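*Asks:* structure for this input, please:
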Amino acid sequence: MILLVLLLNSHHAQAERSAFISKAEFLQYKDVGEFIDAAPKVTIVVPAQPSDVKEYGPGVVKTLTGSDCDRDGKMDDNQSCNAIFYKLWLQYRLHK
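*Replies:* Reported below is the predicted structural model:
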């Protein structure tokens with residue numbers, strides 16, 4: 001029973017990963033850098049530093065733009081993007 005649950009969870013996780021990027025699209029990327037560069041971009045508002053306020057005034061708004069590697073609408077850090085790429089690589093390249 002436990003093995004069946006683990007297998008179902010593993011299959012469900014693979015389906016979730018592959019739902020946001022097709023095998024054909026993934027295989028076009030030659031490396032993780034290209035995968036990250038091609039990911040949709042997300043911009044978030046972050047607190048302004050005192051030096052920003054001093055230079056631009058009290059109404060300054062500071063933003064960061066980064067990659068959304070898992071296409072969930074949230075910015076992913078480099079470590080997360082690498083992990084997502086690796087999981088997709090295992091799914092699409094290793095398990096042909």
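*Asks:* where does pLDDT dip in this protein?
*Replies:* 1-18, 96 (pLDDT under 70).
*Asks:* need the contact list for the most centrally placed residue in it.
*Replies:* With distances taken as C-alpha atoms, centre = their mean, the residue of the chain nearest its centroid is residue 69 (2.1 Å). Going by C-beta atoms under 8 Å, 6 or more residues apart in numbering, residue 69 touches 35, 36, 39, 76, 80, 81, 84, 85. C-beta: built from backbone N, CA, C; applies to glycine.
*Asks:* could you report the neighbour count for residue 41?
*Replies:* Counted by other C-beta atoms under 10 Å, the residues lying close to residue 41 total 10.
*Asks:* show the contacting residues for the residue nearest to it when sequence neighbours are not counted.
*Replies:* Spatially, and ignoring its direct neighbours in sequence, residue 41 is nearest to residue 65 (5.4 Å; C-beta to C-beta, 6 or more residues apart in numbering). For residue 65, the contact set (C-beta under 8 Å, 6+ apart) comprises 41, 42, 43.
*Asks:* quick check: the second one vs residue 72, distance?
*Replies:* If I follow you right, that is residue 42. Remark: distance between residue 42 and residue 72 (C-beta to C-beta, to the nearest Å) = 9 Å.
*Asks:* great, nothing more from me.
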